[in-house]
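Just the structure for this:
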Amino acid sequence: MKILFTLFLTCILTIGVVTAQTSSVAVSVDVNKNSSLSIYGTTNIVNFKLTQNSENFIQKNMIITASQNNNKLYLSENQLIVPVKNFNSTNKMALRDFYKLVKSDEYPTMNIQLDHIDLPTTSMPSSGTAVVAVTITGVTKKYNFPIKSNKNGTSYTFDVEKDINIRDFGLEPPVQMMGMLKVNEIININFKMICNIQPMESAQAK
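A predicted model of the protein is given here:
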């Protein structure tokens, strides 16, 4: 399986690894088990959260090649496949409705394809934007996902968050309890990743 969301992240490694004088670089990425993907939703009565650990869709250890062309970054691994039924929630009704909404039996995965990453400006070194195609229930839409990061040595924390409208994918917000409970069409997708990123030369020297 090709992996991507991690790699979005690698965009921020351009702060210290890919420079204006370097067109490409290979890096070692070690993903922390506390990384996760979450979907937040609201209703007119109660909010809900669906989540799954990154180990369900991202390798723990990866080697990635990042290539820079002007202010755009391209990655050697650029696809993420998320298993729908690996999401969990304390709100079992919301989880059941989510499976039904995205037709999890017919479409067991959500696919995310990275086109490129717009590199952060010098005035905003800890941010960037990933241009991504998201496919849900066979329908593909392109979005710009903002990326924020924090760095401590070779340890990075990445926060990728975006509000999207489920109607973009031809989906109708669920209505339950004879119309008394209505789900908002806007959901928030949040990917939080904690990882260690080093140039291959540094990783191999250990």
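
Check the chain for its longest helix and report it.
Identified as the longest helix of the chain according to DSSP state H is helix 92-101.

how far out from the middle of the chain is that helix?
Mean-position distance between helix 92-101 and its chain equals 21 Å (CA atoms, centre = their mean, to the nearest Å).

any idea which helix or strand comes after that helix?
Remark: after helix 92-101, the chain's next helix or strand is strand 109-118, criterion DSSP states H and E.

Walk me through which strands that next one pairs with, and which way each runs.
If you go by DSSP bridges, strand 109-118 pairs up with strand 72-75 (antiparallel), strand 79-83 (antiparallel), strand 127-136 (antiparallel).

Tell me the strands beside the helix or strand just after the longest one, with direction?
Using DSSP H and E, the helix or strand that follows strand 127-136 towards the C-terminus is strand 139-152. The sheet places strand 139-152 alongside strand 127-136 (antiparallel), strand 155-165 (antiparallel), with pairing taken from DSSP bridges.

So for Asn86, what pLDDT did the model give?
At Asn86, the pLDDT value in this model is 94.

ok now do it, which residues does it touch?
Contact analysis of Asn86 by CB atoms under 8 Å, 6 or more residues apart in numbering lists 52, 56-57. Bear in mind the C-beta positions are built from the backbone N, C-alpha and C, glycine included.

Mark which of those are part of strands, please.
Gln52 (DSSP state E).

Please check the contacts of Asn86 and keep the buried ones.
Buried residues within the contacts of Asn86, counting neighbours by 16 or more other CB atoms under 10 Å: 52, 57.
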